[in-house]
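>>> What follows is a protein structure lacking sequence information:
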């Protein structure tokens, strides 16, 4: 007789299966959660750790696998390199190890390349006006340098390692720095040699043009254009070449040789005019002053206003203040400012506070202005000006307003009473 086995309840069978599945899955889920918690703790508490310390901490993380340790090691090296570059470039490095949600998706070979941006060097102010060669050839950067000695190389390697680079990276970076330094030095020297060569060629071309236009050479030329005058013309040419990079050497030398020619002609005319001055033509004062003002502009364009001032003193007998007033006319800013002071209140201020007037005018003084010319202009308009107080204030502030050497020497010549005007001042200037 066959035995019939009673079929189990359907829901009972399902429950049994679910129970067996939970029994198998639950331990795995608990391990996964513990592993995930360990990784999170590792990410949140790895600040300031170097790769070795980080790997040691990672090895103690629950459930971590050899593959994960290897991947985290690569990630730690990458983060260290990123922070090292950030330190080198002045950017704040990341303080915390950034573990991706799925670290297996990280391209561990994608290590950032070295930042090649060069910090702009601080360029120093040129001494005097712009020139073709506006650098000192004895500056350390223009002198030949030797390859690094072992001590310096090790110092630079150590510096990179202190910033977080690996030893191999630090050695490579140090070698690259040495190569760049030697190459930069060589380039600087070559550039300076080129500039000096171009400077000499421009001066030679200028001299040839002046000689051709004046039809004079050597001592004969210097009779019309002194060595100092020629030097000033050369500097003016160099200044224009520096300030106008699109101008050609041909155009600039042609322009300045024309200025030199006009100055040479004017110098001869000036000499002739000085011999005509006397009591016999006292009534032609206005005509003489008009000519001298025109000559002043020609000398100014040739960069030789100071030489013109000296000629006016030597050949015409003008006082330093009188000669300066012709060679260095007061600029429009100062004229406009002093015209405002012509009111009654303004005149009181000039008499009561000459130092305050001096500080106002200081900001209007340029390199082509004359302290003596300004002082004469003011005293002609305002007879009550205390010249000593005015000059004392200018002298105290001479460094702040960057007076040039000529202007500093003018302060030393002092007030007009110390340099009384001669008959030429009265004849030519009327005062």
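Done, it's in. Computed from a predicted model, the values in this text were never measured in an experiment.
>>> which residues of the stretch 301-431 of the chain score low on pLDDT?
Low-confidence segments of the stretch 301-431 of the chain, defined by pLDDT under 70: 342-352, 416-420.
>>> ok, which stretches of it are helices?
With DSSP state H, counting those that start in this stretch as the definition, the stretch 301-431 of the chain shows helices at residue ranges 305-316, 320-327, 332-340, 344-352, 354-362, 371-381, 387-396, 405-413, 423-424.
>>> Out of those helices, which is the most enclosed?
Greatest average neighbour count among these goes to helix 320-327 (a mean of 26), per mean count of other Cβ atoms under 10 Å. Backbone N, C-alpha and C define where each C-beta goes, glycine included.
>>> ok so, going back, so for residue 177, which of the helices of the stretch 301-431 of the chain sits nearest?
The closest of these to residue 177 is helix 405-413. By Cβ to Cβ, the value is 41.9 Å.
>>> sorry, back to before: would you list the helices of the stretch 301-431 of the chain in JSON lines and tack on distance to residue 259?
JSON lines is the format used below for the helices of the stretch 301-431 of the chain (distance: least, Cβ to Cβ, whole Å):
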{"stretch": "helix 305-316", "distance to residue 259": "12"}
{"stretch": "helix 320-327", "distance to residue 259": "16"}
{"stretch": "helix 332-340", "distance to residue 259": "23"}
{"stretch": "helix 344-352", "distance to residue 259": "39"}
{"stretch": "helix 354-362", "distance to residue 259": "30"}
{"stretch": "helix 371-381", "distance to residue 259": "22"}
{"stretch": "helix 387-396", "distance to residue 259": "31"}
{"stretch": "helix 405-413", "distance to residue 259": "20"}
{"stretch": "helix 423-424", "distance to residue 259": "27"}
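>>> so which of those gets nearest residue 231?
Evaluated over the helices of the stretch 301-431 of the chain, closeness to residue 231 peaks at helix 305-316, with 10.4 Å, by Cβ to Cβ.
>>> picking up where we left off before, looking at the helices of the stretch 301-431 of the chain, which is nearest to residue 40?
Counting by Cβ to Cβ, residue 40 lies closest to helix 354-362 out of the helices of the stretch 301-431 of the chain; the figure is 67.9 Å.
>>> For the closest one, name the packing helices and strands.
Packing partners of helix 354-362 (3 or more Cβ pairs under 8 Å, 6 or more residues apart in numbering; DSSP states H and E): helix 332-340, helix 344-352, helix 387-396.
>>> now what about the longest one, what contacts it?
Read that as helix 387-396. The contact list for helix 387-396 (Cβ atoms under 8 Å, 6 or more residues apart in numbering) reads 354-355, 357-359, 362, 371, 375, 378-379, 403, 411, 414-417.
>>> 6 Å instead, please
Helix 387-396 is contacted by residues 354-355, 358, 411, 415 when judged by Cβ atoms under 6 Å, 6 or more residues apart in numbering.
>>> ok, so of the residues you listed, who is nearest residue 241?
residue 411 (32.7 Å).
>>> which non-adjacent residue is nearest the closest one?
Nearest residue to residue 411, sequence neighbours excluded (Cβ to Cβ, 6 or more residues apart in numbering): residue 395, at 5.1 Å.
>>> Next one: that neighbour from residue 428, what distance?
29 Å (Cβ to Cβ, to the nearest Å).
>>> do the same with residue 224
Distance of residue 224 to residue 428, computed by Cβ to Cβ: 24 Å.
>>> other SSEs contacting the helix or strand containing residue 173?
Residue 173 is located in helix 167-214, with elements delineated by DSSP states H and E. Secondary-structure packing of helix 167-214 (3 or more Cβ pairs under 6 Å, 6 or more residues apart in numbering; DSSP states H and E): helix 150-162, helix 249-276.
>>> If you count neighbours, what's buried in the last one?
Using 16 or more other Cβ atoms under 10 Å as the burial criterion, the residues of helix 249-276 that qualify are 252-253, 255-257, 259-264, 266-267, 270, 273-274.
>>> Give the other helices and strands that that helix contacts.
helix 167-214, helix 227-243, helix 285-301.
>>> Apply 10 Å and report the result again.
helix 167-214, helix 227-243, helix 285-301, helix 305-316 (3 or more Cβ pairs under 10 Å, 6 or more residues apart in numbering; DSSP states H and E).
>>> likewise the first one?
Contacting helix 150-162 under the criterion 3+ Cβ pairs under 10 Å, 6+ apart are the following elements: helix 66-89, helix 167-214.
>>> Lowest average confidence across those, which one?
Mean pLDDT is lowest for helix 66-89 out of these, coming in at a mean of 65.
>>> quick revisit: and the helices and strands packed on helix 249-276, which is most packed in?
Taking mean count of other Cβ under 10 Å, helix 305-316 is the most buried of the helices and strands packed on helix 249-276, at a mean of 20.
>>> can you state the direction angle for that helix and helix 371-381?
Helix 305-316 and helix 371-381 are oriented at 60 degrees to each other (axes from the mean of the first three to the mean of the last three Cα atoms, to 10 degrees).
>>> for helix 305-316, packing partners?
On a contact count with 3+ Cβ pairs under 10 Å, 6+ apart, helix 305-316 meets helix 227-243, helix 249-276, helix 285-301, helix 320-327, helix 405-413, helix 423-424.
>>> Now do that helix against helix 249-276, angle only.
Using the same axes, to 10 degrees: helix 305-316 against helix 249-276 is 20 degrees.
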